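**Q** Have a look; sequence and predicted model below, questions after that.
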Amino acid sequence: MRSASLGALSLLAGVGLWWLVAVVFAIPAYRLPTPGAVASHALALAGEGALTLHIQQTLAEVVQGVLLGSTLGVVVAVVFVRMPVAERLLMPVIVVAQVTPKISIAPLIVLWLGLGIGSKIALIALVSFYPVLVNMVTRLRSMPQGVEDLVRLLRLGPLARLVKIDLPYALPAVALGLRLGVLAGVTAAVIGEFIGAEAGLGYLERQAAENDDIRLVMISLGMLCLVAWVLYAVVGLVERRVNDRFGGQSA
Amino acid sequence: MGELLSVREVGKTYTGAKGQQVTALADVDLDVAEGEVVALIGPSGCGKSTLLRMIAGLDGAFDGELTWTKPPRPGKDIGFVFQEPALLPWRSVERNVSLGLEALRDNSSEARQRVRDLLELVGLADFAQCFPKELSGGMRQRAAIARALAYDPRILLMDEPFGALDAITRDRLHDDLLRIWEATRKTIILVTHSVEEATYLADRVAVMSARPGRIKAVHHVPLDRDRDPSTRRLPQFAEFAGMLRQELE
Ligand SMILES: Nc1ncnc2c1ncn2[C@@H]1O[C@H](COP(=O)(O)OP(=O)(O)OP(=O)(O)O)[C@@H](O)[C@H]1O
Ligand SMILES: [Mg+2]
């Protein structure tokens, strides 16, 4: 746990520096409030329950979007590996959708699906789908010859093969894709909420910016950071577990 | 013993990554009788694994003909010990061994007992619930041998199954294989680098040469079928093994 305490220490140092800068250079509070001022405002807001709704909203968006996107990624990966024709037909479309800046797609999705949670889920699914797809396809394509031979020797049917071999073998790749997908997903959630929303931390931040409420901007930003970090840590934990059990080559 | 398999003028050419042609096998002829143990020996890269995978039906793209008098039933009749153990890392040893039975949807109590007996046989009974990464290389190979035997195939194809084992375990498994053969009279084709192993286990030994892989000669092992560790000390044993060694050079 040395690295954890080290991390906490460097974080504390950062906050200390911020404080010092704010006080020593006497920067006005509407430009750079002190950490104390931000924290006490955050506590007050949290006490009123004004943050809960927005945190819940963003969390719900990311969790549902990433689940939808990665499920799609797994399904499409299996189809691509079983039917290379499908990959040749669809991959160009998928790549175009991936290279297009998400922020430019967001207004379209919001127009189509509205200001509610649906448009955010769609946007997050769009960005978290790709890393799962690509990692899983690569992993399935690199299955050791011995396992490939075993499947054929035992005449495993397509379904048995999927359940007993392909999915467990690909789980580490899915977990990796999921971790990358969560990061991209939080960004996508914020983009979606900036463009048009009725709740969420990105929405809150944008409102605060329009009202010149720098403390609230910083609070929203901090909360987003926290949400992303927690999700990333949880998925990372799951990934380590999965790698432990399912990872490695079939020796 | 009736004829089981005849391999006629079989050849195999691989196309390498840069488009160059590699002739792995050329004009291979081999007959295998039912219930016979045939050893394939030859230098590395002479196409032993290639030939074995063809016989198992894992590679259909070759020239020549493979004819069975009694074709093996898919998924049932061929047990294969691969050159690498190829165990599934997420399954316990026991569940790796019973994969073939699962594929046949056989979860009878006899099948489960069989898996336990086989784990006992290969000395892994205490490791049944362990995962492959917790095993040594030799233990993994033994698990792979048990897996190939689990569904009681008529034909056993083994690609250097004892290569990674220490001498004592190897000798023990040799005797176990002889016992299994005596009890079941399976047809066994065994790839090996060891002339002693070929001599001890086989009825006939096919010696291969490299580039392109061909069968140079097939020898009958001049030993009684009843073999036990004292067989290794017979003068004919040393003589035959010595002859094979010379032929390989
Ligand atoms: N998938 C492949 N693509 C191209 N060439 C191959 C392939 N598999 C095998 N070869 C070539 O075919 C030849 C025979 O290979 P094979 O694996 O059958 O040899 P082997 O006799 O089993 O060798 P070893 O004793 O080292 O296991 C080798 O020269 C190898 O380079
Ligand atoms: Mg080989």
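**A** Yep, it's here. Ligands and ions are numbered 1, 2, ... in the order given.

**Q** A:Y232 and A:R179 touch, don't they?
**A** Yes - with contact defined as Cβ atoms under 8 Å, A:Y232 and A:R179 form a contacting pair (6.7 Å). The way it works is simple: take the backbone N, C-alpha and C, and place the C-beta from them, glycine included.

**Q** ok, these two, which is more surrounded?
**A** More crowded of A:Y232 and A:R179, by other Cβ atoms under 10 Å in any protein chain shown: A:R179, with 20 against 15.

**Q** Surely that one is within a helix?
**A** Yes - applying DSSP: H, G, I helix; E, B strand; the rest coil, one finds A:R179 inside a helix.

**Q** any idea which element the nearest residue to it once chain neighbours are set aside lies in?
**A** Of all residues not flanking A:R179 in the chain, A:V235 sits nearest, at 4.7 Å (Cβ to Cβ, 6 or more residues apart in numbering or on different chains). Using DSSP states H and E, A:V235 maps to helix A:214-246.

**Q** That helix: which residues count as buried?
**A** When neighbours are counted by 16 or more other Cβ atoms under 10 Å in any protein chain shown, the buried residues of helix A:214-246 are found to be A:214-221, A:223-224, A:227-228, A:231, A:235, A:239, A:242, A:245-246.

**Q** One more: stretch B:4-17?
**A** Under the neighbour-count criterion of 16+ other Cβ under 10 Å, stretch B:4-17 has B:L4, B:L5, B:V7, B:V10, B:G11, B:K12 buried.

**Q** Name the residue closest to the centre of the chain, please.
**A** Just so you know, I chose chain A. By Cα atoms, centre = their mean, chain A has its centre lying nearest to A:V182, at 1.6 Å.

**Q** Hmm, no, I was thinking of chain B.
**A** So for chain B, Cα atoms, centre = their mean, it's B:M158, sitting 1.4 Å from the centre.

**Q** pLDDT below threshold where in the chain?
**A** Since no chain was named, I'll use chain A. A:1, A:248-251 (pLDDT under 70).

**Q** um, chain B though
**A** Ranges of chain B meeting pLDDT under 70: B:1.

**Q** backbone phi and psi for residue 101, please?
**A** Here I'm looking at chain A. In terms of degrees, to the nearest 10, the main-chain angles of A:P101 are phi -60, psi 130.

**Q** how close does it sit to A:A188?
**A** As judged by Cβ to Cβ, to the nearest Å, A:P101 and A:A188 stand 11 Å apart.

**Q** Pretty sure B:T187 is one of the things the residue nearest to the centre of chain B touches, is it not?
**A** No - counting by Cβ under 8 Å, B:M158 sits too far from B:T187 to count as a contact (11.5 Å).

**Q** Now A:L183: which helix or strand?
**A** Taking DSSP H and E as the definition, one finds A:L183 inside helix A:167-195.

**Q** CA atoms only: put the helix or strand following that helix into PDB for me.
**A** Downstream of helix A:167-195, the next assigned helix or strand under DSSP H and E is helix A:201-210. Output in PDB follows, covering the C-alpha atoms of helix A:201-210 (Å, rounded to 0.1, in the frame of the first residue of the first chain):
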ATOM      1  CA  LEU A 201     -22.300  16.600 -13.600                       C
ATOM      2  CA  GLY A 202     -21.500  17.900 -17.100                       C
ATOM      3  CA  TYR A 203     -24.800  19.800 -17.200                       C
ATOM      4  CA  LEU A 204     -24.100  21.200 -13.700                       C
ATOM      5  CA  GLU A 205     -20.600  22.300 -14.700                       C
ATOM      6  CA  ARG A 206     -22.000  24.000 -17.800                       C
ATOM      7  CA  GLN A 207     -24.700  25.800 -15.800                       C
ATOM      8  CA  ALA A 208     -22.100  26.900 -13.300                       C
ATOM      9  CA  ALA A 209     -19.900  28.300 -16.000                       C
ATOM     10  CA  GLU A 210     -22.700  30.300 -17.500                       C
END
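
**Q** Which of the residues in helix A:201-210 are classified as buried?
**A** For helix A:201-210, the neighbour count (16+ other Cβ under 10 Å) marks A:L201, A:G202, A:Y203, A:L204, A:E205, A:R206, A:A208 as buried.

**Q** thinking again about what came up before, look up the closest residue to the residue nearest to the centre of chain A, ignoring the ones flanking it.
**A** Among residues not flanking A:V182 along the chain, A:L231 sits closest, at 4.9 Å (Cβ to Cβ, 6+ apart).

**Q** Does that neighbour touch A:G65 like I think?
**A** No - contact criterion Cβ under 8 Å: A:L231 and A:G65 do not qualify, at 11.4 Å.

**Q** Next up, the contacts around the nearest residue to B:E36 once chain neighbours are set aside.
**A** In this structure, B:E36 finds its nearest non-sequential neighbour in B:D203, 5.1 Å apart by Cβ to Cβ, 6+ apart. Listed by Cβ atoms under 8 Å, 6 or more residues apart in numbering or on different chains, the contact set of B:D203 reads B:E36, B:V37, B:V38, B:H220, B:V221, B:R225.

**Q** Show the buried residues in the residues you listed.
**A** Looks like the contacts of B:D203 have B:E36, B:V37, B:V38, B:V221 buried, using 16+ other Cβ under 10 Å.

**Q** which ones among these are found in strands?
**A** With DSSP state E as the criterion, strands contain B:V37, B:V38 from among the buried ones among the contacts of B:D203.

**Q** Dump the buried ones among the contacts of B:D203 to TSV, plus distance to ligand 1.
**A** Below are the buried ones among the contacts of B:D203 laid out as TSV (distance: Cβ to the nearest ligand atom, whole Å):
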residue	distance to ligand 1
B:E36	21
B:V37	19
B:V38	15
B:V221	21
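
**Q** so B:L40 sits in a helix?
**A** No - assigned with three-state DSSP, B:L40 falls outside any helix and is strand.

**Q** And the residue nearest to the centre of chain A, how close does it get to A:P131?
**A** According to Cβ to Cβ, A:V182 stands 10 Å off from A:P131.

**Q** Does residue 112 lie in a helix or a strand, and which?
**A** Answering for chain A, as no chain was given. Following DSSP H and E, one finds A:W112 within helix A:102-113.

**Q** ah, no, chain B please
**A** Going by DSSP H and E, B:R112 is part of helix B:109-121.
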